[in-house]
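A.B. asks: no sequence for this one, just the structure:
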């Protein structure tokens, strides 16, 4: 929310932005197109989808406190009438971006998008309390990006927006809505391989983020990536400045020293005109890479590097993306590492490696299918056998049909079980865990492993008899 007392939108501001007709004056303090997210004073946008029509939820939205709506059909409450609400949502996002005079940072990549976006928010908000805006959750697609823009207060000092894609051309459109002053590519990995012929094509699509850069804008890209030159070529045509980050001495933002701690990692970074030593609270080597990209962006927008370092030390994991919980198992406790929101070969290997550094009586993984990997899916899944062995995993619960390849690769190497779906995993998990376990739960969001995380956090296994060993 804006620090000022001005409304986020008035009915007449909305009408001007979306070329609509006002029917009843109102002011809005927030924006949503899901009636379940509506709070008092919010604007409800009645979207028409393939299976649902938001107009059917207008009464529910007004009952929840909506002050007004954007509609294309008849509406009894205060509203702005348009011919189509989807273009209206986009137009509202464009108008919000146009009235904002601060800096904007865009983030994409095959892995690390949401974590980097959240870290940027925490690092910048540390010095600019209440004046930094970011997209919530993983709202990074053709509806999530304009919604996140529409929610941005006019007096925002810095906006941070996550942008995703699974087809070529999608990022080119989104980045022109966001118009970033700084655009980041975190990493390139074989995510969404079903829609791309090669990893190089994925890099090409991710490089589209630079097309929306404001004049003189900064492109930030991974120096150590095998696709660095391809990304640099994509940035050259649009960026006023290119910053690379990585472990190489040739990177513009690079690691000088990395010291693993009991709770996090101590890192010394060298930037173009500064050096900084700070602690990264979230564990894992992938967070060192994320931190380099974040600090490069903080430096590029003239942010407070010292405050950013303090924010990293206080940072906690996000639900579905590294959040850690101590849960009751039998007559003791276990550690649950929640990575249930998403998975691809790169992020799987990184988080399994992180688990290997975790002190525990036994290391356990619950791994769900990695989706959208195309013809290479069996090989990508089977390749996880090596990282699991290297991490000293004592037991693996594999979930989903595509995990068959990994199950075959693990025969005779690691104790494992293979179940068809999250429901079956939920039914069997109680007999698989023991006090002292460190349990990594990771898979594509569609597998539904978040239900397993909730089950464990609920204390459902407290006091249950558990095996001494597996």
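C.D. replies: Received, thanks. Bear in mind the structure is a predicted one, so any value in this text is a computation, not a measurement. Numbers count the residues shown, from 1 in each chain.
A.B. asks: show me the contacts for residue 178.
C.D. replies: Residue 178 makes contact with 97, 104, 106, 145, 149, 161, 163, 212 under the criterion CB atoms under 8 Å, 6 or more residues apart in numbering. From N, CA and C alone the C-beta is placed, and that goes for glycine too.
A.B. asks: meant to ask about residue 280, not that
C.D. replies: By CB under 8 Å, 6+ apart, residue 280 lies in contact with 264-267, 287-288, 291, 312-313, 315.
A.B. asks: In strands, which of these fall?
C.D. replies: Counted as lying in strands by DSSP state E, out of the contacts of residue 280, are 264-267.
A.B. asks: which two in the contacts of residue 178 are spaced the farthest apart?
C.D. replies: Farthest pair in these (CB to CB) is 97 and 163. Separation: 13.2 Å.
A.B. asks: Any regions of the stretch 1-150 of the chain where pLDDT drops low?
C.D. replies: 1-5 (pLDDT under 70).
A.B. asks: Does residue 367 fall in a helix, a strand, or a coil region?
C.D. replies: Of the three states, residue 367 takes strand according to DSSP: H, G, I helix; E, B strand; the rest coil.
A.B. asks: Residue 43 too?
C.D. replies: Residue 43 ends up strand, using three-state DSSP.
A.B. asks: That one - how many residues pack around it?
C.D. replies: 30 (other CB atoms under 10 Å).
A.B. asks: residues touching the closest residue to it other than its chain neighbours, list them.
C.D. replies: Once flanking residues are discounted, residue 43 sits nearest to residue 28: 3.7 Å by CB to CB, 6 or more residues apart in numbering. Applying CB under 8 Å, 6+ apart, we find residue 28 in contact with 7-10, 14, 41-43, 67-68.
A.B. asks: mind redoing it with 6 Å?
C.D. replies: 8-9, 43, 67-68 (CB atoms under 6 Å, 6 or more residues apart in numbering).
A.B. asks: before we move on, back to that, which one of the contacts of residue 280 sits in the busiest neighbourhood?
C.D. replies: Neighbour counts for the contacts of residue 280, by other CB under 10 Å, peak at residue 291, which reaches 28 neighbours.
A.B. asks: For that one, give me its contacts.
C.D. replies: residue 280.
A.B. asks: Look up how far residue 270 lies from it.
C.D. replies: Shown here: residue 291 relative to residue 270, a distance of 13 Å by CB to CB, to the nearest Å.
A.B. asks: just residue 115 next, same as before
C.D. replies: 22 Å.
A.B. asks: And the two? Which one has more around it.
C.D. replies: Per other CB under 10 Å, whichever of residue 115 and residue 270 has more neighbours is residue 115, with 26 against 16.
A.B. asks: a helix runs through residue 278, doesn't it?
C.D. replies: No. Assessed with three-state DSSP, residue 278 is strand; it does not lie in a helix.
A.B. asks: Check the nearest residue to it once chain neighbours are set aside and give its pLDDT.
C.D. replies: Taking CB to CB, 6+ apart, and ignoring the residues beside it in sequence, residue 278 has residue 309 as its nearest neighbour in space, at 3.1 Å. Here the pLDDT value assigned to residue 309 is 96.
A.B. asks: Am I right that residue 309 falls within a helix?
C.D. replies: Yes. Under three-state DSSP, residue 309 falls within a helix.
A.B. asks: That one contacts residue 277, doesn't it?
C.D. replies: No. The criterion here is CB atoms under 6 Å, and residue 309 misses it with residue 277 at 7.6 Å.
A.B. asks: Neighbour count for those two, which is higher?
C.D. replies: Remark: of residue 309 and residue 277, residue 309 carries more neighbours, 21 against 12, as counted by other CB under 10 Å.
A.B. asks: follow-up on the earlier one: tell me which of the contacts of residue 280 has the lowest pLDDT.
C.D. replies: Comparing pLDDT over those, the lowest score belongs to residue 264 (85).
A.B. asks: ok, and the closest non-adjacent residue to it?
C.D. replies: Nearest to residue 264 is residue 281, by CB to CB, 6+ apart, at 4.5 Å.
A.B. asks: now, which of the contacts of residue 178 lie within strands?
C.D. replies: 104, 106, 161.
A.B. asks: Is it possible to get JSON lines of those residues that adds neighbour count and distance to residue 350?
C.D. replies: Below are the ones in strands among the contacts of residue 178 laid out as JSON lines (neighbours: other CB atoms under 10 Å; distance: CB to CB, whole Å):
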{"residue": "104", "neighbour count": "25", "distance to residue 350": "28"}
{"residue": "106", "neighbour count": "31", "distance to residue 350": "23"}
{"residue": "161", "neighbour count": "30", "distance to residue 350": "24"}
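A.B. asks: just those residues now: which is nearest residue 249?
C.D. replies: Distance to residue 249 across those (CB to CB) is lowest for residue 106, with 27.8 Å.
A.B. asks: So what's the residue count around the residue nearest to the closest one when sequence neighbours are not counted?
C.D. replies: Leaving aside its chain neighbours, residue 106 sits nearest to residue 180 (3.5 Å; criterion: CB to CB, 6+ apart). By the measure other CB under 10 Å, the count of residues near residue 180 is 26.
A.B. asks: when you give positions from now on, start the count at 5
C.D. replies: Will do, 5 is the new start, and the previous item becomes residue 184.
A.B. asks: check which helix or strand covers residue 184.
C.D. replies: Per DSSP states H and E: residue 184 is located in neither a helix nor a strand.
A.B. asks: thought it was touching residue 108?
C.D. replies: Yes. If you go by CB under 6 Å, residue 184 and residue 108 touch, sitting 4.7 Å apart.
A.B. asks: what's across from residue 249 in the sheet?
C.D. replies: Note on residue 249: beta-bridge partners by DSSP bridges are residue 226, residue 257.
A.B. asks: gap between it and residue 383?
C.D. replies: Residue 249 sits 30 Å away from residue 383, going by CB to CB.
A.B. asks: Quick check: the residue nearest to residue 47 vs residue 165, distance?
C.D. replies: For residue 32 relative to residue 165 (CB to CB), the value is 20 Å.
A.B. asks: And for residue 175?
C.D. replies: Taken as CB to CB, the span from residue 175 to residue 165 is 12 Å.
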